[in-house]
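Student: Here is a sequence with its predicted model. Questions after.
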Amino acid sequence: MTWVIRLLVAGFAALFVIIGARALLDPQTIIAQFELGQQNATGLSAIRADMGAFFIGTGLAALVGLMPGRREWLLGAAAMVALAFTGRVFGLMNDPLTANIAQSMIIEAISVVLLVASFAILNPRRMVAEPAPAVPEENIAPDTFDPQTNGDLGRPIG
């Protein structure tokens with residue numbers, strides 16, 4: 001089960017890194033994919049910097065989260081995607097819902113669920129029961145005295 005989760009997260013991360021690399025290297029494809037319209041030099045720079053950083057950073061955070069002892073990074077990646085989803089929800093207050101917006105929101109929602117679920121599933125303590133703390137045996141008497149075997153005469157008075 002954990003290998004399936006790891007593969008799904010790795011696929012998510014690879015997709016995001018690829019989209020980020022496309023934003024850096026060929027922003028025109030991102031302009032077409034996200035319907036951003038005609039851009040001048042400032043717009044192209046923003047696409048390279050902002051969208052490239054978002055997608056590459058989120059993808060790398062997810063990959064780091066797959067490393068042993070670093071699963072918290074999955075929550076960082078989930079938070080980034082959740083913020084993008086929240087931005088789209090705010091956009092729906094003023095703009096109509098299009099097929100591309102709906103598709104992006106569905107992908108983002110599934111991504112958040114995947115990342116948070118993988119954080120829970122990849123928990124190293126999830127399947128291992130913690131051992132009960134050892135209770136030290138206390139010997140209240142300074143020495144052992146058993147009246148059945150030693151009797152009262154076996155011990156001196158005083």
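Tutor: Done, it's in. Because the structure is a prediction, the values reported are computed rather than measured.

Student: Quick one: the helices in this structure, in order.
Tutor: 2-25, 27-33, 41-46, 52-65, 72-92, 99-121 (DSSP state H).

Student: what's the neighbour count on residue 9?
Tutor: Residues near residue 9, counting by other CB atoms under 10 Å, number 23. C-betas here are computed from N, CA, C, even on glycine.

Student: For residue 36, see how far away it is.
Tutor: Plainly put, residue 9 is 28 Å away from residue 36 if you go by CB to CB, to the nearest Å.

Student: just the helices of the chain: most buried one?
Tutor: helix 52-65 (a mean of 20; mean count of other CB atoms under 10 Å).

Student: chain center to that one: distance?
Tutor: Its chain's C-alpha centre and that of helix 52-65 lie 12 Å apart, by CA atoms, centre = their mean, to the nearest Å.

Student: just the angle between that helix and helix 99-121, please?
Tutor: 30 degrees (axes from the mean of the first three to the mean of the last three CA atoms, to 10 degrees).

Student: Mean confidence (pLDDT) on helix 52-65, please.
Tutor: For helix 52-65, mean pLDDT is 96.

Student: Give me the helix or strand of this structure that scores worst on average pLDDT.
Tutor: helix 27-33 (a mean of 88; mean pLDDT, DSSP states H and E).

Student: Please list the outside residues in contact with that helix.
Tutor: The contact list for helix 27-33 (CB atoms under 8 Å, 6 or more residues apart in numbering) reads 19, 22-23, 36-37, 39, 44, 47-48, 51.

Student: Just name the closest of those residues to residue 123, please.
Tutor: residue 19 (28.7 Å; CB to CB).

Student: what does the model give the closest one for pLDDT?
Tutor: 94.

Student: Does it touch residue 55 like I think?
Tutor: Yes: with contacts counted by CB atoms under 8 Å, residue 19 reaches residue 55, the gap being 4.5 Å.

Student: Run through the protein and note the low-pLDDT ranges.
Tutor: For the chain, the stretches flagged by pLDDT under 70 are 124-158.
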